[in-house]
Each structure stands twice: as C-alpha cells, then as structure tokens.
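Q: Pasted the sequence and its predicted model underneath.
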Amino acid sequence: MSLAGGFLGWQINSQKTEALSGKAAAEQQLDTTKKTLGKVQEDLKQTKSSLDDTKGQLTTAQQSVEQTKRDLAAAQAKATELETKATDAQSKATAAQSQLDDVKKQVSQQSDATKAAEAKVADLDKAKRVAEDALAKQKAEVDRLSDILKRRVTGDMPPGISGKIVSVNRNWNFVVLNIGDKQGVVENGELIVSRNKSVIGRIRVTSTNGDTAVADILVNTLKDPSLQLQPGDDVQN
C-alpha cells in the first residue's frame, strides 16, 4: 500500500506537472494568440482605414467622373449648338452668295443694256447730226432756190458775177455761158459783155443749169453793130 500510495502520488505529481506544463504552454499560446490577434486587429484597422481612404478616393473619383461627364455633355451640347449655328451661317452665306451672284448678273446685264443704250444713243446722235446737216443743206438749197426764184422775177443778181461766153448761136442770136445757178446767175438777169476791157453790149439770161446758162443777145445794146459776140468774151454784172 505504501508503494501503491507512492506510485499514485508520483502519478498525481506527474499529471500535475504535465497539467502545469500544459497550462503554461496554453497560456503562452494564448498570449501569442492574443498578440497575433492584436496585430491582426491592428492590421484590420489599418486595412479599414486604407479601405476608407480608398472609398473616399473612389467617391472623389466618381464625383470627378460625373463632373467630367457633365462637362462633356455641356461641351457636346455647345458643340452641337455651334455646329447648328455654323450650318445656319453656311446656309446664309450660300444664300448671300447666290444673291450676290444674282446682283452681279443683273449689274452685268444692266451694264450690257447701258452700253447697248449708249451705243444706240450714239448712233441716234450721229443720225441726228447727219439729218441736221442734211436739213441745213436742204434749207440752204431751199433758201438759194427761193432767192433765185425771187430774183428771176426781177432779174436781180448778186454783185461780183463774172464768166465767159463759151459758144455763140448767130442764127437764134443767143450765147452759152460758163456760169450758172451756182454762181448766182438767174433768168431775166442782164450781164455786160466786154472784150479787152471794152464794153461791147449786154445779154439777158433765159435759162440756167448749175454751172452753165443761156442768154439772148440784146442787139440794141451793141456798141458797134458790126461787132459780133464770140467765144472768150467776158461777161459780168
């Protein structure tokens, strides 16, 4: 019994020692676990803090993205508005160019019409001057003929008329002169006949035609009846 009691005591002491050893090991492991848990908690805290920072950055980034989207939408709307205005401006510019082309065309047509009108006016003015010249000549001729008709009645001729006898018809007693209407000779007008500056007699014009005239010899005016008028004798008034 004493041996059994000693063995039992040893066994109990042994178990007690093992239990203490186990307790110490457990306490050490618990302490290590606590430390590990504390570190994990610290890491978790830091991770949570980092996560919170990340969430904040993400929120900021999302806000920035949203602002960027809004800015982009505003820019797109502005670009669309500017594009619309540009299209309208282009349309107006095209319409203005078309109107300008029409105006240029009208101006060109008006210019052509003006040139044509000016040419027509020039032609009419030229025709007017020609007509006026012709009218003036006709008037002068009418005046000349009227004056001739008047002087034919009286036989008056302008002073300074002179010419020559070119032929003599002794049978009918008339002469042909180298002067006529153009020189102012008229019917019924009388001219003096001279030879070598000596008066021979007188003649009376019976007809005129441009640069020639026919005149009767006034026999009763001859200074010497024996003298006959001949070609080359001078005549004047």
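A: Thanks, I have the structure now.
Q: any low-confidence regions in the chain?
A: Applying pLDDT under 70 to the chain picks out residues 1-4.
Q: So in it, which strand runs the longest?
A: With DSSP state E setting the assignment, residue counts place strand 198-209 as the longest strand in the chain.
Q: Of all the residues in that one, which ones are buried?
A: 200-205, 208 (16 or more other C-beta atoms under 10 Å). Just so you know, the C-beta spots here come from the backbone N, C-alpha and C atoms, and that holds for glycine as well.
Q: Check which helices and strands it sits against.
A: The elements that strand 198-209 packs onto, with contact taken as 3 or more C-beta pairs under 8 Å, 6 or more residues apart in numbering; DSSP states H and E, are strand 174-177, strand 190-195, strand 212-218.
Q: Apply 7 Å and report the result again.
A: Contact partners of strand 198-209 among helices and strands, from 3 or more C-beta pairs under 7 Å, 6 or more residues apart in numbering; DSSP states H and E: strand 190-195, strand 212-218.
Q: Need the winner for burial among the ones you listed.
A: strand 212-218 (a mean of 20; mean count of other C-beta atoms under 10 Å).
Q: Direction included, what does the next helix or strand after that one pair against?
A: Downstream of strand 212-218, the next assigned helix or strand under DSSP states H and E is strand 234-236. Applying DSSP bridges to the sheet, strand 234-236 is found paired with strand 162-169 (antiparallel), strand 190-195 (antiparallel).
Q: Please list the outside residues in contact with stretch 203-223.
A: For stretch 203-223, contacts defined as C-beta atoms under 7 Å, 6 or more residues apart in numbering pick out 173-182, 185-191, 193, 199-202, 229, 235.
Q: Report the buried members of those residues.
A: Burial by neighbour count, 16+ other C-beta under 10 Å: within the contacts of stretch 203-223 this picks out 174-175, 177, 179-181, 185-187, 189-191, 193, 200-202, 229, 235.
Q: Can you give me the end-to-end span of stretch 185-194?
A: In stretch 185-194, first residue to last residue: 17 Å (C-alpha to C-alpha, to the nearest Å).
Q: which SS class is residue 186?
A: Following DSSP: H, G, I helix; E, B strand; the rest coil, the label given to residue 186 is coil.
Q: If you tally nearby residues, what's the number for residue 22?
A: Using other C-beta atoms under 10 Å, residue 22 has 11 neighbouring residues.
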